[in-house]
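S.K.: just a sequence and a predicted model for now, questions to come.
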Amino acid sequence: MKRLAPYLLILPGGLWLLIFLVVPMVFMASVSTQEGDIINGFVQTFDFSVYGDALTRYQTQFLRSVGYGLVGTVVSIAMAYPVAYWIAFRGGSRKSTYLLLVLLPFFVSFVLRTVSWKFLLADDGLLLSPLKSMGLVAQDFHVLQTTVAVIGGLVYNYLPFMILPIYVALERIDPRVVEAAQDLYAARSQAFTKVVLPLSLPGVFAGVLMTFVPMTADYVNAGILGGPSNTMIGNIIQTEYLVNTDYPTAAALSFTLMAVMLVGIFAYARALGTENVLEAAAR
Amino acid sequence: MDPRSNPALLRGMTHSRSVTRRDALRLAGLSAAGLALAGCGIQGKKPAATPKKDAVTDFWTGKQRNGTLRFANWPLYIDKDGKKYPSLEMFTADTGIKVSYQEVIQEIPSFFGKIQPLLAAGNDIGHDLMVLTNGIHLGRAIQLDYLAPLDHSKLPNFAANAAQKVKNPPWDPGNAHTIPWTVGLTGIAYNPKYVDEVKSVEDLWNPKYKGKVGMMSDSEEIANFGLFALGVDPDTSTEADWRRAAERLQAQRDTGLVRKYYENDYVDALARGDVWITMAWSGDIFQQVAEGKDLKFVVPQEGGTIWTDNMCIPRTAQNPVDALTYMDYVYQPKIATILVEAINYITPVPATKDLVLADAAKQSGEDRTALEQLANSPMIYPSEADMARLRSYVTLDGAKEKAFESIFQPITQG
Amino acid sequence: MSTPEITRPRVPRVRFGERLLRGYVWLVIAWLFLPIVVMIVFGFNDTASKSNVTWQGFTLRWWGRLGDYPELVGAVVNSLKVALLATLITTVIGTLMGLALGRYRFRGQGATNLALFAAIASPELVMGASLLSLFVSAGVDTGFWTVVVAHVLFSLSFVAITVRARVIGLDRSVEEAARDLGASTWITFWRVTFPMILPGVVSGALLAFALSIDDFVITQFTSGAMETFPLWIWGATRIGIPPQVNILGTLIFAVGVVIAVVNTVTARRRT
């Protein structure tokens, strides 16, 4: 009984993951090497040329997405770190209140938040029209349908997933260690870079894990806030699946995207220790 | 009339007819791919594009009127008085056929996703009559032979009263499977505050409006406007024409004229001032104008696009004769008048215009103004000159569709 | 937390930096709330147009007309039902997994960890599309249940990992003491182990609920004809969002505020 216990405990969840995660992925791999169209049917041909074709056709969007994901992640770290730091070390007894403030906006639906930004940033909208009437910006100045709007939307929507893990890592640091460091090093900045920063890195890594992937694969922000030159690979995959019904191409792109993400993340986790990253991610 | 109680407005708010066309097939298609997945390849159905002559007889022989009709339509797409549907009650009184009216079509993709596997298996879908928009997706339904061939000897009102323009559409020759429920136009809408009078599609290429031009993201929609700009009729266009049209559209994009390739959200963008001039659907702009917005809608001199929401009978319908009876019934001018006054989209029955004006004469105040506005609106009753310039989407089948998409999609998906 | 002797010599500079930092934090918080405020305010907008984008004056009218869009209300109800059910299932099976992973060493542990990891690292889009392919090929009609299945899938990892972390941190000696005092395995679990891992379970459940109620991407693929709140809004973005959406968003936000506040207060009392 005792020996069986872990297997029994793992069984329901394990089956769930097997049936609904692993099996569909295998399916998708198979679809990516089929040929045909929706009227005439699809045939399994094991022709891998679709990967090459799809990637050549959409390399711009692929690279753009990874670029947006990277920039968005870096901006998120830069924005989130000071916030997490302040809450962890200066939050005092009201730490949880501040955390709550950071999290509360996310009870409002992702789509609704993004649409709200569209209102705010409109050409004659709440933010721009005062600036325009004061003559601070040109009449035809706009933010919507620019790269800035898309990356801004990405950062906005995923920032808490960066703040939280960093906060958790910082909060775990024993204050006495920080004090000792401040005694030891002459400058505060040194105490920070030599002690606090290294100790908080697992949190940063976990944050990267939780923001980079969804940012790169996002298509809602580009769809609502972006313009003709902001199309991301997520938009392409969505169109290929849902509009063109070119399933082999869609599956090949999805598979490539996932492979790139997984390999990247695994390499990254390997370098840092999977357990750490995962655990920090879960907090 | 309080615009908020305007059913067409409510309808516009609760769903978008155009989304449907754009996303056509989504889940439906995936169902088919599912089959592909399951069997590592599906046997495609090689379809007969137009039914053979005896197909009509074959289908209708032995079919009888059953006294019930299950009608699947979009929400707020019919006259409604409280919880009653007056025109449907008149139908029941006149024919004895009871109607179960089902507002189940929110979006063609999900609706089609639901019915497609049933149709493929030859099962009843729970509806005898449904309203689907023309485009790639309805084309596939016809190709896959999911729709009953219509017996036109039972459609005398359609023959007598339908506008010439909606008869015999290129995507369903001879109205073999469908007849229109309502009609809409794709033209140009603009804000006269910023834009001088628009007559030509060339205004969408006018450098003065750089960054303030809205285009549609749907390939079929922009293709038509690209072709109009070249002076080519979409109906007779060739692949070479498509490539030239795509070049013009690409140039429009590359010079920064296009703000965005919109779905239905172009209406908001126009209202908010993000764009000044944009491709637009007639019904949307009619509603905006009815609400007091200062916007203009034109069918460009080179041409505009006409599309239709169509009544059709699934092959597996249980009461096809009752459905056919209803399809003809709404082509009586008096019924069509009730419908157009409620729906505010273009009616396929031009004779309703005088009846709407007659109704207006009986009313007073705001109701009268609203009806007069309706009858005199070129967005509801396009002029002969406008009508002559209207074209359908390019008609596509399997292989052509792929070529078409590969030419036009890269423009909207840079 | 800082000792005055150490900080005093650097007080002026630190003060300035601190103030700057504090101002910055509030700025970020304000930025996070900006669109939410807009959403709430426009629920009171006296707009006549379907595009609720320009301020027309204050009205409470829309609050009385929440039922104008039965499909919208239905969509919110669907969202809540899916979220509750998915949270329940996820919490149960995720907790079991967390227990197994945190407490035992067994064959297949690495593979399980890997699968949990992959579930977090896969783009939602890919997950949704591949799930849909599965459902369709198995002849399963997509709708309520397929959405629940999908939501359990993407939140499972979060619950399992949260609980596992909690289990690893447990003081086993307490359980041993209980057993020494004659408690059965079952009683020990419910009376001793479970209360100790409860905070992990609760925070996992909250996370699962939040993920589910807000999910758009996977739901779009697996929902068939069913509408959820985010899907309805997505549909409406193309045609103009009625003020009722803002109000429902505000209400859900308010519920979130209440839950979060209660959670924080009780958590503070516990510690």
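M.R.: It's in. Numbers count the residues shown, from 1 in each chain, chains lettered A, B, ... in the order given.
S.K.: the helix or strand containing residue A:36 and chain B in contact?
M.R.: Per DSSP states H and E: residue A:36 is located in strand A:34-37. Yes - Strand A:34-37 lies within reach of chain B by Cβ under 8 Å from any Cβ of the partner chain, at A:34, A:36, A:37. Any C-beta I mention is one placed from the backbone N, CA and C, and that applies to glycine too.
S.K.: surely the first one and residue A:44 touch.
M.R.: To tie it back to what came earlier, the one meant is residue A:34. Yes - under the criterion of Cβ atoms under 8 Å, residue A:34 makes contact with residue A:44 at 5.2 Å.
S.K.: these two: which has the busier surroundings?
M.R.: For residue A:34 versus residue A:44, neighbours defined as other Cβ atoms under 10 Å in any protein chain shown are more numerous around residue A:34 (23 against 16).
S.K.: how much space separates the more buried one from residue A:253?
M.R.: 14 Å (Cβ to Cβ, to the nearest Å).
S.K.: what does residue B:382 give?
M.R.: Residue B:382 is 42 Å from residue A:253, by Cβ to Cβ.
S.K.: please say which of these two ends up with more neighbours.
M.R.: When neighbours are counted by other Cβ under 10 Å, residue B:382 and residue A:253 differ, and residue A:253 comes out ahead with 28 against 24.
S.K.: with adjacent residues omitted, what lies nearest to residue B:204?
M.R.: residue B:213 (5.6 Å; Cβ to Cβ, 6 or more residues apart in numbering or on different chains).
S.K.: contacts only, for the one you found.
M.R.: Under the criterion of Cβ atoms under 8 Å, 6 or more residues apart in numbering or on different chains, the contact list for residue B:213 reads B:204, B:252, B:257, B:258, B:259, B:275, B:276, B:277, B:278.
S.K.: give me phi/psi at it?
M.R.: Per-residue torsions, residue B:213: phi -100, psi 130 (degrees, to the nearest 10).
S.K.: would you map the helices across the stretch 201-350 of chain B?
M.R.: In the stretch 201-350 of chain B, the helices defined using DSSP state H, counting those that start in this stretch lie at B:219-230, B:239-254, B:266-272, B:282-290, B:320-329, B:333-343.
S.K.: so which of those helices comes closest to chain C?
M.R.: Closest to chain C of the helices of the stretch 201-350 of chain B is helix B:266-272 (Cβ to the nearest Cβ; 4.5 Å).
S.K.: name the helices or strands packed onto that closest one?
M.R.: strand B:213-216, strand B:258-262, strand B:277-281, helix B:282-290 (3 or more Cβ pairs under 8 Å, 6 or more residues apart in numbering or on different chains; DSSP states H and E).
S.K.: what mean pLDDT does the first one get?
M.R.: Mean pLDDT, taken over the full extent of strand B:213-216, equals 95.
S.K.: okay, now the sheet partners of that strand, with direction.
M.R.: Applying DSSP bridges, strand B:213-216 is found paired with strand B:258-262 (parallel), strand B:277-281 (parallel).
S.K.: can you list these in CSV and add distance to residue C:135 and mean pLDDT?
M.R.: Compiled in CSV, the strands paired with strand B:213-216 are given as follows (distance: least, Cβ to Cβ, whole Å; pLDDT from 0 to 100):
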stretch, distance to residue C:135, mean pLDDT
strand B:258-262, 31, 93
strand B:277-281, 34, 94
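S.K.: possible to save those strands as CSV with mean neighbour count?
M.R.: Shown next, in CSV, are the strands paired with strand B:213-216 (neighbours: other Cβ atoms under 10 Å in any protein chain shown):
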stretch, mean neighbour count
strand B:258-262, 26
strand B:277-281, 26
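S.K.: fine by me, we can end here.
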